[in-house]
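Asker: Give me the fold of what follows.
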Amino acid sequence: MVDFNCDIAGESVMFPHFWEHTVGGSHANMALRADWQKQLTRCSKDLGFKHVRFHGILSDDMYTLS
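Answerer: Coordinates of the predicted model:
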């Protein structure tokens, strides 16, 4: 069970929209490729995004798990 309290009389704070500064990437191992990094750097300068979302960080091709 979770208790949740909401003070509607308190000061409001905007929820950060981090997804507005994020682009979708590919599999995590793509980030190891020099050409992908070069393209991403150029796109970041042109588009102004701050974060890259990717998946597969714990997959077999990243060799993170033994």
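Asker: Per-residue pLDDT of the residue nearest to Gly48 when sequence neighbours are not counted, please?
Answerer: Distances taken as Cβ to Cβ, 6 or more residues apart in numbering place His21 nearest to Gly48, at 7.7 Å, with adjacent residues excluded. C-beta: built from backbone N, CA, C; applies to glycine. Listed pLDDT for His21 reads 88.
Asker: same thing with Gly48?
Answerer: 89.
Asker: That one and Gln37: what is the separation?
Answerer: Separation of Gly48 from Gln37 (Cβ to Cβ, to the nearest Å): 18 Å.
Asker: Would you mark the buried spots in the helix or strand where Gln37 lies?
Answerer: Per DSSP states H and E: Gln37 is located in helix 34-47. For helix 34-47, a neighbour-count test (16 or more other Cβ atoms under 10 Å) marks Leu40 as buried.
Asker: show me where this structure has strands.
Answerer: Ranges of strands within the chain are 22-27, 51-55, based on DSSP state E.
Asker: Now do the last one: everything it contacts.
Answerer: Residues lying outside strand 51-55 but in contact with it, judged by Cβ atoms under 8 Å, 6 or more residues apart in numbering, are Phe18, His21, Thr22, Val23, Gly24, Gly25, Ser26, His27, Ala28, Met30, Ala31, Leu40.
Asker: Of the residues you listed, select the buried ones using a ChimeraX command.
Answerer: Filtering the contacts of strand 51-55 down to the buried ones (16+ other Cβ under 10 Å) takes a single ChimeraX command:
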select :25,28,40
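Asker: least confident pick among the contacts of strand 51-55?
Answerer: Per-residue pLDDT puts Gly25 lowest of the contacts of strand 51-55, at 74.
Asker: Relative to Cys43, how far out is that one?
Answerer: Gly25 is 11 Å from Cys43, by Cβ to Cβ.
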